[in-house]
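K.L.:
All I have is the shape, not the residue letters:
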């Protein structure tokens with residue numbers, strides 16, 4: 001078992017910091033929308049998508065490596081979150097506004113993902 005696999009089997013420590021980073025970026029963007037609604041969020045949403053894609057690529061690789069039986073469903077939820085985020089990215093890139101509520105919706109999707117899908121992966125790894 002390589003080092004990343006060991007970290008995963010000890011409670012997803014590799015993933016935890018990435019989630020904090022994703023949720024932290026969403027929180028920062030939310031605050032910016034509340035306090036500086038005219039600020040261009042283009043670079044922020046680019047950075048968020050990069051962070052998300054890196055996390056998802058790594059996690060999907062881990063699931064394949066260990067033969068996680070729910071990997072397809074887990075991956076579909078990743079895809080759903082990415083689609084919702086890409087929709088916001090597209091609107092921002094076109095100069096359209098997004099609302100704090102829309103960012104909050106993406107944050108809630110991540111929280112659901114962590115509590116449902118990633119918990120199932122953790123249980124699988126613990127067996």
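P.N.:
Nice, thanks for sending it over. These numbers come from a predicted model, not from an experiment.
K.L.:
Quick one: residues contacting residue 60.
P.N.:
Counting by C-beta atoms under 8 Å, 6 or more residues apart in numbering, residue 60 touches 71, 74, 75, 78. Every C-beta, even on glycine, is put in place using the N, C-alpha and C of the backbone.
K.L.:
got the contact list for the first one?
P.N.:
Going by C-beta under 8 Å, 6+ apart, residue 71 touches 60, 63, 64.
K.L.:
Next: the third one.
P.N.:
Under the criterion of C-beta under 8 Å, 6+ apart, the contact list for residue 75 reads 60, 63.
K.L.:
What distance do you get for it to residue 68?
P.N.:
10 Å (C-beta to C-beta, to the nearest Å).
K.L.:
The second one now?
P.N.:
To residue 68, residue 74 is 7 Å away according to C-beta to C-beta.
K.L.:
tell me, what's touching the two both at once?
P.N.:
With C-beta under 8 Å, 6+ apart as the test, residue 74 and residue 68 both reach residue 121.
K.L.:
Quick check: phi and psi on residue 97?
P.N.:
With angles defined as degrees, to the nearest 10, residue 97 sits at phi -80, psi 150.
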